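Asker: sequence unknown, structure follows:
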């Protein structure tokens, strides 16, 4: 857009130059056509055209100089009129083309905003994925840490594995598949634990995987002992992930709500190694001396949150007794089981204050024990 002195110079100088060029073209064309008829007149007419063009150029330069000096000169009125005409033309052109230029600007803005939104969406998805992966990694690290503590204090030689599938098999409702098998030294009827306690036993194996029957399965039965005593009984699964049944062998035995139970141990450590935490007594049915007495037990292991587990390939040389018992809290434990009268028992704490461990298990040895007592076998071992 022309503004200021440039506009005035164009207004003053332009018409004369245009007129001169037009006159030269017209006269040149006329001379060319007449040249064939009269060769004598061509030089005279050509010289006359040059004089006229030079005169127009000089006049244009003169007007331009007068215009640049400013003030109210003899051409100020002409200049004003010409400026008004040019301004009106510019304004009309801007109004006429404004929808086109506005549409182009709008489309450019929309395209830029769309690209920016897509970039932000991709970045948000990437960050969300990283957050989930970090949370998953943190959970796996905590689960493995708890498992190693249990194995260290109890003296269990284990092969760590990860739960990769939950699928019932024939005659069993509560089973999981782990990513370790015969190639890793795992055999049938080996104990399976995690950082909270007993998970179950190995039902069958393949070269690279194994099927584990969980302790809550209705077909499961485990010899158990009340911590701090010699009273033993049988813990059976109920099919409920938050409930086990403990049948006392001695109906006169003293069992109370809050008592902790550990595995009694099998011959050769199969199917269950000794001293593995099982759960807490939540309710006692019957009184001492009755023919049968039953206790409802809440398992330490949260079956719904299994991830990292360990298969006990070799039991400890000596029974760890009660040294592997965890500290539990209402925050880390499954939902409490209602009592017969419909009331809910208060949360119980064993061995001290509640543990802040994400796995729900922090070991409380009854006597000084080195974590090096347990051994960890790599799953890659043949």
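Answerer: Structure received. Because the structure is a prediction, the values reported are computed rather than measured.
Asker: Residue 179: neighbour count?
Answerer: 15 (other C-beta atoms under 10 Å). Quick note: C-beta positions are derived from backbone N, CA and C, even for glycine.
Asker: list the contacts for it?
Answerer: By C-beta atoms under 8 Å, 6 or more residues apart in numbering, the residues touching residue 179 are 161-162, 164, 208-209, 379.
Asker: Among those residues, which ones are in strands?
Answerer: Secondary structure from DSSP state E places 161-162, 164 of the contacts of residue 179 in strands.
Asker: quick one: the helices in the stretch 51-200 of the chain?
Answerer: Ranges of helices within the stretch 51-200 of the chain are 76-154, based on DSSP state H, counting those that start in this stretch.
Asker: shaky segments in it?
Answerer: For the stretch 51-200 of the chain, residues meeting the criterion pLDDT under 70 lie at 63-79, 81-82, 86.
Asker: Flag the shaky bits of the stretch 201-350 of the chain, pLDDT-wise.
Answerer: In the stretch 201-350 of the chain, residues with pLDDT under 70: 287-291, 326-350.
Asker: if we can go back for a sec, switch the contacts of residue 179 over to a markdown table, and while doing so, append neighbour count to every line.
Answerer: Below are the contacts of residue 179 laid out as a markdown table (neighbours: other C-beta atoms under 10 Å):
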| residue | neighbour count |
| --- | --- |
| 161 | 23 |
| 162 | 16 |
| 164 | 11 |
| 208 | 14 |
| 209 | 19 |
| 379 | 18 |
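Asker: Just put those residues in TSV and tack on distance to residue 111.
Answerer: Output for the contacts of residue 179, formatted as TSV (distance: C-beta to C-beta, whole Å):
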residue	distance to residue 111
161	52
162	47
164	46
208	52
209	52
379	53
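Asker: Strands of this protein, residue ranges please.
Answerer: 157-166, 175-178, 191-193, 198-205, 210-214, 221-226, 232-237, 244-248, 260-263, 277-285, 294-299, 308-314, 375-376.
Asker: now for the fifth one, which elements pack on it?
Answerer: Spelled out, that is strand 210-214. strand 175-178, strand 198-205 (3 or more C-beta pairs under 8 Å, 6 or more residues apart in numbering; DSSP states H and E).
Asker: Identify the residues contacting the nearest residue to residue 156 once chain neighbours are set aside.
Answerer: Closest residue to residue 156 apart from its sequence neighbours, by C-beta to C-beta, 6 or more residues apart in numbering: residue 312 at 4.8 Å. By C-beta under 8 Å, 6+ apart, residue 312 lies in contact with 156-158, 190-193, 269, 273.
Asker: In those, find the pair that's most separated.
Answerer: By the measure C-beta to C-beta, 157 and 192 form the most distant pair in the contacts of residue 312, at 13.5 Å.
Asker: Among the two, which residue is more densely surrounded?
Answerer: When neighbours are counted by other C-beta under 10 Å, residue 157 and residue 192 differ, and residue 192 comes out ahead with 31 against 19.
Asker: and the more buried one, what are its bridge partners?
Answerer: Note on residue 192: beta-bridge partners by DSSP bridges are residue 200, residue 311.
Asker: That one and residue 203 touch, don't they?
Answerer: No. Applying C-beta atoms under 8 Å as the test, residue 192 and residue 203 come out as separate, 9.9 Å apart.
Asker: Now the common contact residues for those two.
Answerer: What both residue 192 and residue 203 touch, as defined by C-beta under 8 Å, 6+ apart, is the set residue 212.
Asker: that older thread, name the nearest of the contacts of residue 312 relative to residue 219.
Answerer: Nearest to residue 219 among the contacts of residue 312, with distances taken as C-beta to C-beta, is residue 192, at 15.5 Å.
Asker: That closest one and residue 112: what is the separation?
Answerer: 58 Å (C-beta to C-beta, to the nearest Å).
Asker: what's the answer for residue 322, then?
Answerer: Taken as C-beta to C-beta, the span from residue 322 to residue 112 is 69 Å.
Asker: tally of neighbours for residue 117?
Answerer: With other C-beta under 10 Å as criterion, residue 117 counts 10.
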